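A.B. asks: Sequence and computational prediction follow.
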Amino acid sequence: MSEQTQAHRATIAAEVPPNPEVIEVRKVVNDVAEKVNSIGSEIAAFREHVGVTRALLIVLESIGVWKCGSCKMNMNGICGGWRLPEDLSSSLKSVAGGDAVIQQDNVYRLRVDKFPFIGAVCPIHIHR
């Protein structure tokens, strides 16, 4: 292709008005692209928060394991310090499994190995 032909192609312009439907589609596509970019940024921020939450949970679980292991209220892995209502017991079982809460003498109690982080924030911990 000669330089003269290339120069003509670069300067050719249509004398037809833009199609309103194409303009509308272009706006919609641009809006969708902006929303996708925004969602991508939000996902990145969410991932960062999840990472921080995981790190805090690891710390809480470590402290909780130690406190539960050294607590007088821990009776063979069952927390004797707290009495759980039946509805909370059911909810915890659905989240952590059927053996997460046991019933002793009509009282629902936590298994500390299923919820070790609770020991970290327990206000009634009594050291052995």
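C.D. replies: Cool, the structure landed.

A.B. asks: Beyond the longest helix along the chain, next helix or strand please.
C.D. replies: Counting by DSSP state H, the longest helix found in the chain is helix 20-69. With elements assigned by DSSP states H and E, the helix or strand that comes after helix 20-69 is strand 74-75.

A.B. asks: and the helix or strand just after that next one, average pLDDT?
C.D. replies: Proceeding N to C from strand 74-75, the next assigned helix or strand is strand 78-79, under DSSP H and E. Mean pLDDT, computed over strand 78-79, is 93.

A.B. asks: quick one: contacts of strand 78-79?
C.D. replies: Residues outside strand 78-79 that contact it (CB atoms under 8 Å, 6 or more residues apart in numbering) are 68, 71, 73, 102, 104, 109-112, 118. Glycine gets a C-beta too; all of them are placed from N, C-alpha and C.

A.B. asks: Now for the residue nearest the centre of the chain: which residues touch it?
C.D. replies: Residue closest to the average C-alpha location in the chain (CA atoms, centre = their mean): Val50, at 5.4 Å. Shown in contact with Val50 (CB under 8 Å, 6+ apart): no residues.

A.B. asks: if we can go back for a sec, just the ones of the contacts of strand 78-79 in strands?
C.D. replies: Applying DSSP state E to the contacts of strand 78-79, the entries found in strands are 102, 104, 109-110.

A.B. asks: top of the residues you listed by neighbour count?
C.D. replies: Leu110 (24 neighbours; other CB atoms under 10 Å).

A.B. asks: which residues does the nearest residue to that residue once chain neighbours are set aside form a beta bridge with?
C.D. replies: Closest residue in space to Leu110, ignoring its immediate chain neighbours: Cys79 at 4.6 Å, by CB to CB, 6 or more residues apart in numbering. Beta bridges link Cys79 to Asn74, judged by DSSP bridges.

A.B. asks: Having no further points to raise, I will conclude here.
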